[in-house]
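Asker: Output the structure for:
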Amino acid sequence: MSRLNIERELNPEQLLAATTIEGPLLIIAGAGSGKTRVITYRIAHMLERGIAQHAILALTFTNKAAREMEERVKALTGKKLRSLTLSTFHAFGAALLRKEIEALGWRNNFSIYDEGDKGQLIRECFRDCKINPEGIDIGVASQLFSQVKTGLREYADLEPYRGVYEEYERTKKIYNALDFDDLLTLPIALFEQFPEIHAKYHERFRYILIDEFQDTSAIQYRLMKMLAVGGGATGEVPAKVNICAVGDDDQSIYSWRGANYENIVNFEKDFAGVKEIKLEQNYRSTTTILEAANGVIAHNEARKEKKLWSGNGGGKPVFYYTPENETEEAEFIAERIRSLRLSENLRYDDFGVLVRTNSLTTSIEEVFLAENIPYRVSGGTSFFARQEIKDVLSYLRVIANPDDDVNLLRIVNTPRRGIGKTTIAHISEAAKKKRSSLWNALTGLRYVQNALFEMKDRDEVDGFMGLIEKQREELLGKKDLAAKVRALVDAIDYWPHLIAEHRKNDAVARFKFQNIERLIEGIETWARNPDNFDPTLYPYLNRISLLTRDESDDEGKSKVNLMTIHASKGLEFPVVFIAGAEDGIIPHERSVEEDLRNIEEERRLFYVAITRARDKLFITGARKRKRNKTLVDCAPSPFINEIPPDLLEFYTETEDDALSADDFFAKTKARFS
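Answerer: You can find the predicted model right below:
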């Protein structure tokens, strides 16, 4: 790749952003402005300039985005990226901890707990602390623990769960396990406690790039800053730091999970001499859609001034429709999808239907099902969250790490092997007394003649442990992982287990077993990847733990995309419907009640929804909607009134009943006065 190619492929602002590689740089990348393109050309340009791969660290927020960037850089450079670090924050933390965590007292073959595993362990810790978890919302407790650990809440806020939190942290270490928060907090602990480790990574990563910077949390910003700044006697920022932040404050919509768009302001304060480049040319949407988005977001005060523009032409006006109720709203969306598919030769997956909350999808799903319109809902059950897949993965995790109590408890009697609850309780009690894992307790009790469980159970325990030990010999550190997993599934008699569990519906058993085969085929594909230099069990399990955070529907069929606005970020569709555009839904009444300043984030959310559309945008808001089984009158979202009126076409009853913007709002105001 030559410089001439870069100049031909990028516009002037993109070119400047891609070739400015020394010193602190802030790239304000508006929606659809070619952000990923700029990042990949920037990395390729650095490699062309002779900067070593191992000196570059590029962090983003999803595995999908990281994979896409890596593939583009490969295509641009023709190089194998053997030592370039291009990953998510959490994957970076996991890789760093694999090498360094023994300094903190863990073993480097730790397990990574997903949210289900974490919740199960928290529930056990409540019991260990003599607190009945039945009346406790474990999800709320899990979120509280996460917020305290990442600095969003004070340690004092743990009351009355402080003992449970401490037991949870202690037990994780006994089980040699981490949760996702640990993947960010433990690298910081390493850097603080071991200056030599901190210095090693600071000296290695001399060029740092952070994507989606507006979505970084305080803990992520702190980790990034420590890597960039290093230690030093005074802790002052060096005069020259090669760090690039790419983001858009207008698309910051994740404050509820810790994201802080003010990190852009912090970046400018913390790194002297920041150069700022704005990418304002949008390559996605029509001029009409962009002017509608600009009209809305301009009402936010806490933002960097920018105005997106497009060379794609004017386009159709934004279409606004107010059906009588949510059923008519769903029927309108379905009818429009059918009509546009035929008239404009579109596929189902060219349509995005966006809602503020998941609860708004029900009526749309019902109509789509009735009209035979295929669709996918974001946030549905992930492939890796299905029971049969979690069972097989739990076996693999215990084989990799027998001290993983959560997964051991999942499989100790799956398939059923006669190890009863009484036996499990005895084992748990022994583990508690020894302050050890369940596996260690099992090992100690295995050949003790006067153990508290009966001979039959002793035989079953012995058989289970023998199975795990044999599979460890077969699986650990060896190639042909897929074949060995298939042999494991046969060894545990999982097919007979499925038949027994679904005696009245063997089709369900077949479907579940086919899912396991899909899992094994996925292992085969992963192992055959020429860039996979270690196709063995530990790397595979680490990959799965990270992938399950943003698992997408992989069936490959064309389906309408029905999702929350939050889930749509980063996506685009030729045709977008924003459903439920009503006051109290967007802006969400609870969000605004909690903090009036949230109105700006709700407006950013609406802005994100608008800018997902390439060619056509439909906005709908029902006049009446059921809330808590009660039919209530609905007012239009105030954000509708912020769209320049000349860009809108308003319809109330039928497509022939068009109103001007002024007439529409006058009529609506009269209805509610």
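Asker: alpha carbons only for contacts and neighbour counts from here, please
Answerer: Noted.
Asker: quick one: low-confidence ranges for the stretch 301-450 of the chain?
Answerer: 379-383, 447-450 (pLDDT under 70).
Asker: try it again with 80
Answerer: Low-confidence regions of the stretch 301-450 of the chain, defined by pLDDT under 80, span residues 302, 359, 362, 369-370, 372, 378-386, 420-422, 444-450.
Asker: Now do the same for Ala75: its pLDDT.
Answerer: Looking at Ala75, its pLDDT reads 91.
Asker: same check, this time on Pro530
Answerer: 81.
Asker: How about Tyr155?
Answerer: At Tyr155, the pLDDT value in this model is 91.
Asker: who does the top strand by length along the chain pair up with?
Answerer: Within the chain, and with DSSP state E defining each element, the longest strand by residue count is strand 613-620. Under the criterion DSSP bridges, strand 613-620 sits next to strand 318-321 (parallel), strand 573-578 (parallel) in its sheet.
Asker: between the ones you listed, which one is nearest to Arg336?
Answerer: Evaluated with Cα to Cα, the strands paired with strand 613-620 place strand 573-578 nearest to Arg336, the distance being 9.7 Å.
Asker: For the closest one, which outside residues touch it?
Answerer: With contacts defined as Cα atoms under 8 Å, 6 or more residues apart in numbering, strand 573-578 is touched by 333, 349-355, 609-610, 612-620.
Asker: after it comes which helix or strand?
Answerer: helix 589-594 (DSSP states H and E).
Asker: From the contact counts, what lies against that following helix?
Answerer: Applying 3 or more Cα pairs under 8 Å, 6 or more residues apart in numbering; DSSP states H and E, we find helix 589-594 packed against helix 598-610.
Asker: Mind checking the pLDDT average for the helix it packs on?
Answerer: Rounded to a whole number, the mean pLDDT of helix 598-610 is 94.
Asker: secondary structure class for the residue lying closest to Ile6 once chain neighbours are set aside?
Answerer: Counting by Cα to Cα, 6 or more residues apart in numbering, the nearest residue to Ile6 once its immediate chain neighbours are dropped is Leu15, at 6.9 Å. For Leu15, the reduced secondary structure class is helix; criterion used: DSSP: H, G, I helix; E, B strand; the rest coil.
Asker: quick one: pLDDT of Leu15?
Answerer: With respect to pLDDT, Leu15 scores 95.
Asker: Residues in contact with the helix or strand hosting Ala44: which ones?
Answerer: For Ala44, the enclosing helix or strand under DSSP H and E is helix 35-48. By Cα under 8 Å, 6+ apart, the surrounding residues in contact with helix 35-48 are 1, 6, 10, 14-15, 17-19, 21, 29, 53, 69-70, 72-73, 76-77, 246.
Asker: Tell me the helix or strand right after that helix.
Answerer: Per DSSP H and E, the helix or strand that comes after helix 35-48 is strand 56-60.
Asker: got the angle between that next one and helix 35-48?
Answerer: Between the axis of strand 56-60 and that of helix 35-48 there is an angle of 170 degrees, by axes from the mean of the first three to the mean of the last three Cα atoms, to 10 degrees.
Asker: Who are the packing partners of strand 56-60?
Answerer: In this structure, strand 56-60 makes packing contacts with strand 85-88, helix 89-100, strand 207-210, judged by 3+ Cα pairs under 8 Å, 6+ apart.
Asker: hmm, 6 Å instead?
Answerer: Here strand 56-60 is seen to pack against strand 85-88, strand 207-210 when contacts are counted using 3 or more Cα pairs under 6 Å, 6 or more residues apart in numbering; DSSP states H and E.
Asker: List the strands paired with the first one, with their directions.
Answerer: Yep, that's strand 85-88 we're talking about. If you go by DSSP bridges, strand 85-88 pairs up with strand 56-60 (parallel).
Asker: Give me the mean pLDDT for the strand it pairs with.
Answerer: Within the predicted structure, the mean pLDDT of strand 56-60 is 96.
Asker: thinking again about what came up before, would you mark the buried spots in the helix holding Ala44?
Answerer: Using 16 or more other Cα atoms under 10 Å as the test for burial, helix 35-48 gives 35-47.
Asker: which of the strands paired with strand 613-620 is buried the deepest?
Answerer: For the strands paired with strand 613-620, average neighbour numbers computed from mean count of other Cα atoms under 10 Å are highest in strand 573-578, which has a mean of 22.
Asker: Compute the inter-axis angle for that one and helix 598-610.
Answerer: Orientation check (the same axes, to 10 degrees): strand 573-578 against helix 598-610 gives 140 degrees.
Asker: Quick check: neighbours of the next helix or strand after the longest strand of the chain in the sheet, parallel or antiparallel?
Answerer: Toward the C-terminus, strand 613-620 is succeeded by strand 624-627 as the next helix or strand (DSSP H and E). Here strand 624-627 is paired, per DSSP bridges, with strand 630-633 (antiparallel).
Asker: Now do the partner strand, average pLDDT.
Answerer: Taken as a whole, strand 630-633 has an average pLDDT of 87.
Asker: Repeat that for stretch 24-39.
Answerer: 93.
Asker: number of nearby residues for Ala156?
Answerer: Using other Cα atoms under 10 Å, the number of residues around Ala156 comes to 10.
Asker: Next, give phi and psi for it.
Answerer: Ala156 adopts backbone torsions of phi -60, psi -20, taken as degrees, to the nearest 10.
Asker: now it: how far from Ala17?
Answerer: Per Cα to Cα, to the nearest Å, Ala156 is found 44 Å from Ala17.
Asker: what does Glu593 give?
Answerer: In this structure, Glu593 and Ala17 are 40 Å apart, going by Cα to Cα.
Asker: Settle it for me: which of those two has more neighbours?
Answerer: Neighbour totals were compared for Glu593 and Ala17, and Ala17 leads with 27 against 11 (other Cα under 10 Å).
Asker: secondary structure element for the nearest residue to Leu121 once chain neighbours are set aside?
Answerer: Spatially, and ignoring its direct neighbours in sequence, Leu121 is nearest to Val406 (6.5 Å; Cα to Cα, 6+ apart). Using DSSP H and E, Val406 falls within helix 405-411.
Asker: what's the single longest helix in the protein?
Answerer: The single longest helix within the chain, with elements called by DSSP state H, is helix 506-528.
Asker: Quick one: name whatever helix or strand follows that helix.
Answerer: If you walk from helix 506-528 toward the C-terminus, the next helix or strand you reach (DSSP H and E) is helix 537-547.
Asker: chain center to the helix or strand just after that following helix, what's the gap?
Answerer: Note on helix 537-547: by DSSP H and E, the next helix or strand toward the C-terminus is strand 560-564. Taking the mean C-alpha point of strand 560-564 and that of its whole chain, the gap between them comes to 16 Å (Cα atoms, centre = their mean, to the nearest Å).
Asker: Not counting its own residues, what contacts the next helix-or-strand element following strand 560-564?
Answerer: Using DSSP H and E, the helix or strand that follows strand 560-564 towards the C-terminus is helix 565-568. For helix 565-568, the surrounding residues in contact (Cα atoms under 6 Å, 6 or more residues apart in numbering) are Leu354, Val355, Arg356, Ala609.
Asker: can you tell me which of the residues you listed are in helices?
Answerer: Secondary structure defined by DSSP H assigns Ala609 of the contacts of helix 565-568 to helices.
Asker: from the contacts of helix 565-568, which ones fall inside strands?
Answerer: With strands defined by DSSP E, the entries of the contacts of helix 565-568 inside them are Leu354, Val355.
Asker: what ranges of the stretch 1-150 of the chain fall below the confidence cut-off?
Answerer: In the predicted model of the stretch 1-150 of the chain, residues 1-4, 134-135 satisfy pLDDT under 80.
Asker: Recalculate using a threshold of 50.
Answerer: In the predicted model, the stretch 1-150 of the chain carries pLDDT under 50 at residues 1-4.
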